[in-house]
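In: Have a look at this prediction, sequence included:
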Amino acid sequence: MRRRTFLSAVLTISVFFSSVGFAQRRTQPAVQKRPKLVLLIVVDQFRYDYLERFEDLFGPNGFKRLVRDGASWTQSNYDHMPTYTAPGHGTMMTGAYPAESGIIGNEWLDRATGKRITSVTDDSVKLLGGNPTDPAASPSRLMASTVGDELRLATNDRAKVIGISVKDRSAILPAGRHANAAYWFNWLTGTMVSSTYYFNQLPAWVTNFNNAKPADKYFGAKWERLLPQDEYLKRAGSDNPKWEDVSNAWTPDTNTFPHTITGGLTAPGQKFYTALDYSPFTNDILVSFAQEAIVNEQLGQDDDTDVLTVSFSANDYVGHRFGPYSQEVMDVTIRTDRNIATLLDFVDSKVGLANTLVAFTADHGVSPIPEHAAALGLGGGRIPFATVMGKIQTAISTRYNPHGKTPDPSADYLLRFQEGTAWREWFINNNIYFNYDALKRDGVDVEEFSQVVIRAALSVPGIARCFSRLQLLRGATSVTDPIERRALHGFYPARSGDVVMVAEPYKYIAETITATHGSPYSYDTHVPTIIMGAGVNAGRYLEAATPADIAPTLSALLRITAPTNSTGRVLIEALRQDYKIAR
Ligand SMILES: [Zn+2]
């Protein structure tokens, strides 16, 4: 009975919003020119609720324009874990979960080399625009094609595809393997860089941009609140609650405004460039760089659709340091609204928003600071890594070295690496990796060993769930259990570990980072998904969606093949059935 009432309420609301869509439908001609530009805007670590909590503080041309003129899905969730930057950015333009994009984390263990690698590590390419001997990056670990790749295939390479961000992975992954270029900010030199994966030399306009030292002009800049302090007190509370702890910060900082950006240096240098990451100012640099890219690469200037992906990273750095309910996150959010307005106005003046398909999303959300959640009685807390590994190691010894032999033959059953003189077990993305050689040497049954590890892990207070490699490989999971489904969608056999752990809500297996994300819970998965442009009926949509739906929906609108592993849904509820592209 209650269910029926709920359903009819949903139906009534859908009908109401469909009629809003109908009004919009009559304003657009059915046959339109092919879009000249696809503009993907990403804000790193941007929860859906930021759109609602600060809505009345936004200007008319930023987030409000996206919500007003675009189709906005209010129930859009990532359907994978871990919810990190690289998996999110690897999903939005491929339409593929990490299980198929292969981008299972920001970093993982490469079993072939025994090394910890990033999602974009590539030793075969060189850095351009920074110190040539510093590590470079490429999309070679991305296993699925992107919307940009498919557009390039469809146009005999005439489509131009460019990705930009402060973070390498956030520039590289949405653009794809056959992109023309990706550019990111190098915190060692304060310049925009790329790699020889794309070309042998930076375009002149990028070198000119760098010669003007775009980062250095922020040296000593004071980050103040954009709006009167009362607004911040009302919505975010005190500027220095006790859970806002900057003592572990990588660069010296205060937990109150103003934040003076020097990195503790007397002149621009590496620590300053890192400190700049933790301010809103890199978002300003990124907008300037995007404008230069549009002009100098003539994006959206001919009949073949180009792609520009812009991912703002400052929000993630600030969110990690101060938490989602801080005055700092509130301020960077309001400033990002202004950044997006500037970018959209610029695209309107150079390409025309009528000729542009805009998609807006985020790569993940973020959890409240555990101490904040604890103070509110929500059960927040931190699970020490040493406690987890200690319990597991003891259980392994008890089972496989029952007579306490020394040296303990089971000491190397978990895969380890050397850090200085000490050996540490691999534990990354809440994945534990087994040492198959050692298990084989001693004739240990891997399935039984998995259960020993899982039982021990589950005995640690705060560990909610565990999944074994064998269980995930067999698909012995329930698709109706969202946590199991998200674990399965985040598992790529050649790269993932042997046991995947999930902590309880508001709990981290992390001791030094103030706030973070990565869980399968809604604070990390619920993000905006907005698509704006010809063929799309504006309005709020209550249907379930995920950022994995962006790529197949853009592909449907562009009339091209969807990316190779696109498993998302075409968001048909917002698409005009009569929309045609003029030939
Ligand atoms: Zn991120």
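Out: Thanks, I have the structure now.

In: From the ion, how far off is residue 481?
Out: Distance, residue 481 to the ion, by Cβ to the ion, to the nearest Å: 26 Å. Bear in mind the C-beta positions are built from the backbone N, C-alpha and C, glycine included.

In: backbone phi and psi for that residue, please?
Out: Torsion angles at residue 481 (phi, psi; degrees, to the nearest 10) stand at phi -90, psi 110.

In: Regarding the residue in the stretch 151-300 of the chain positioned nearest to the ion, which helix or strand does it belong to?
Out: In the stretch 151-300 of the chain, the residue that lies nearest the ion is residue 170 (7.2 Å; Cβ to the ion). Residue 170 is located in helix 168-175, with elements delineated by DSSP states H and E.

In: if I look at the residue of the stretch 151-300 of the chain closest to the ion, how far off is residue 106?
Out: According to Cβ to Cβ, to the nearest Å, residue 170 stands 10 Å off from residue 106.

In: distance of the residue lying closest to residue 566 once chain neighbours are set aside from the ion?
Out: Nearest residue to residue 566 in three dimensions, chain neighbours excluded: residue 95, at 3.3 Å (Cβ to Cβ, 6 or more residues apart in numbering). Using Cβ to the ion, residue 95 is found at 19 Å from the ion.

In: my guess is residue 95 meets residue 561, correct?
Out: No - between residue 95 and residue 561 there is no contact under Cβ atoms under 8 Å: 11.5 Å.

In: joint contacts of these two?
Out: Common contacts of residue 95 and residue 561 (Cβ atoms under 8 Å, 6 or more residues apart in numbering): residue 555.

In: what about those two, which has more around it?
Out: Neighbour comparison, residue 95 and residue 561: the larger count goes to residue 95, with 31 against 15 (by other Cβ atoms under 10 Å).

In: Tell me the secondary structure at the more buried one.
Out: In three-state terms, and counting by DSSP: H, G, I helix; E, B strand; the rest coil, residue 95 is coil.

In: List the residues that contact it.
Out: 144, 548-552, 555, 562-563, 565-568.

In: top of the residues you listed by neighbour count?
Out: residue 551 (31 neighbours).

In: now this structure, which segments are flagged as low pLDDT?
Out: Scanning the chain with the threshold set as pLDDT under 70 gives 1-31, 583.

In: Verify the stated contact: the residue of the stretch 151-300 of the chain closest to the ion with residue 363.
Out: Yes - counting by Cβ under 8 Å, residue 170 touches residue 363, with 7.2 Å between them.

In: higher neighbour count, residue 170 and residue 106?
Out: Neighbours were counted for residue 170 and for residue 106 using other Cβ under 10 Å; residue 170 has more, 28 against 19.

In: Would you check how far apart that one and residue 157 are?
Out: The gap separating residue 170 from residue 157 is 24 Å, by Cβ to Cβ.

In: And for residue 450?
Out: Residue 450 is 47 Å from residue 157, by Cβ to Cβ.

In: Compare neighbour counts for those two and give me the winner.
Out: The neighbour comparison of residue 450 against residue 157 (other Cβ under 10 Å) goes to residue 450, with 20 against 13.

In: Would you check how far apart residue 247 and residue 331 are?
Out: From residue 247 across to residue 331, the span is 21 Å (Cβ to Cβ).

In: Neighbour count: these two, which is higher?
Out: residue 331 (24 against 9).

In: The more buried one sits in which helix or strand?
Out: Take DSSP H and E as the rule and residue 331 turns out to sit in helix 327-350.

In: Over to residue 308?
Out: Short version: residue 308 belongs to strand 306-312, going by DSSP H and E.

In: For that strand, what is the distance to the chain centroid?
Out: Chain-centre distance of strand 306-312: 14 Å, with Cα atoms, centre = their mean, to the nearest Å.

In: Now do the following helix or strand past it: everything it contacts.
Out: Of the helices and strands lying after strand 306-312 in sequence (DSSP H and E), the nearest is helix 314-322. Applying Cβ under 8 Å, 6+ apart, the external contacts of helix 314-322 come out as 43-46, 85, 166, 244, 246, 249, 253, 255, 277-283, 328-329, 332-333, 336, 366, 513-516.

In: repeat that with 6 Å
Out: 43-46, 244, 277-278, 280, 282-283, 328-329, 332, 366, 514-515 (Cβ atoms under 6 Å, 6 or more residues apart in numbering).

In: same question, stretch 559-571
Out: Against stretch 559-571 from outside (Cβ under 6 Å, 6+ apart): 94-96, 100, 144-146, 150, 154, 548-549, 551-553, 555-556, 581.

In: Could you find the closest non-adjacent residue to whichever residue of the chain sits closest to the ion?
Out: Residue nearest to the ion within the chain: residue 85 (3.0 Å; Cβ to the ion). Nearest residue to residue 85, sequence neighbours excluded (Cβ to Cβ, 6+ apart): residue 363, at 5.1 Å.

In: who touches that neighbour in this structure?
Out: Residue 363 sits next to 44, 85, 88-89 when contact means Cβ under 6 Å, 6+ apart.

In: wait, which of the residues you listed is closest to residue 413?
Out: When these are compared for distance to residue 413 (Cβ to Cβ), residue 85 wins out at 31.6 Å.

In: Give me the distance between that closest one and residue 136.
Out: In terms of Cβ to Cβ, residue 85 sits 18 Å off from residue 136.

In: When those two are compared, which one has more neighbours?
Out: Comparing residue 85 with residue 136 by other Cβ under 10 Å, the one with more neighbours is residue 85, at 26 against 23.

In: The strand holding residue 308 pairs with which strands?
Out: Sheet pairing of strand 306-312 (DSSP bridges) gives strand 37-43 (parallel), strand 161-165 (parallel).

In: sorry, back to before: any idea of the angle the helix or strand following the helix holding residue 170 forms with strand 306-312?
Out: For helix 168-175, the following helix or strand on the C-terminal side (DSSP H and E) is strand 181-186. Counting by axes from the mean of the first three to the mean of the last three Cα atoms, to 10 degrees, strand 181-186 lies at 20 degrees to strand 306-312.

In: Could you spell out the sheet neighbours of strand 181-186, each with its direction?
Out: Strand pairing for strand 181-186, determined by DSSP bridges: strand 161-165 (parallel), strand 191-195 (antiparallel).

In: So what touches the last one?
Out: Read that as strand 191-195. Against strand 191-195 from outside (Cβ under 6 Å, 6+ apart): 125, 127-130, 136-138, 181, 183, 186, 210, 289.

In: Show me those residues that map onto helices.
Out: 210, 289 (DSSP state H).

In: Please list which of the contacts of strand 191-195 are also close to the ion.
Out: Taking Cβ under 5 Å from the ion as the test, the ion is in contact with none of the contacts of strand 191-195.

In: Considering the contacts of strand 191-195, which is situated nearest to residue 387?
Out: Nearest member of the contacts of strand 191-195 to residue 387, counting by Cβ to Cβ, is residue 137, at 34.7 Å.

In: ok, that closest one to residue 172 distance?
Out: Where residue 172 is concerned, residue 137 sits at a distance of 6 Å (Cβ to Cβ).

In: which residues are common contacts for the two?
Out: Common neighbours of residue 137 and residue 172 (Cβ under 6 Å, 6+ apart) are residue 120.

In: between these two, which one's more packed in?
Out: A count of neighbours by other Cβ under 10 Å puts residue 172 above the other of residue 137 and residue 172, at 34 against 24.

In: so what's the closest residue to that one other than its chain neighbours bridging to?
Out: Distance criterion Cβ to Cβ, 6+ apart; nearest residue to residue 172, sequence neighbours excluded, is residue 182 at 4.4 Å. Counting by DSSP bridges, residue 182 is bridged to residue 163.

In: ok, so what distance separates residue 182 from residue 310?
Out: Taking Cβ to Cβ, one finds residue 182 at 11 Å from residue 310.

In: quick one, which of these two is more surrounded?
Out: Set residue 182 next to residue 310 and count neighbours by other Cβ under 10 Å: residue 182 wins out with 29 against 25.
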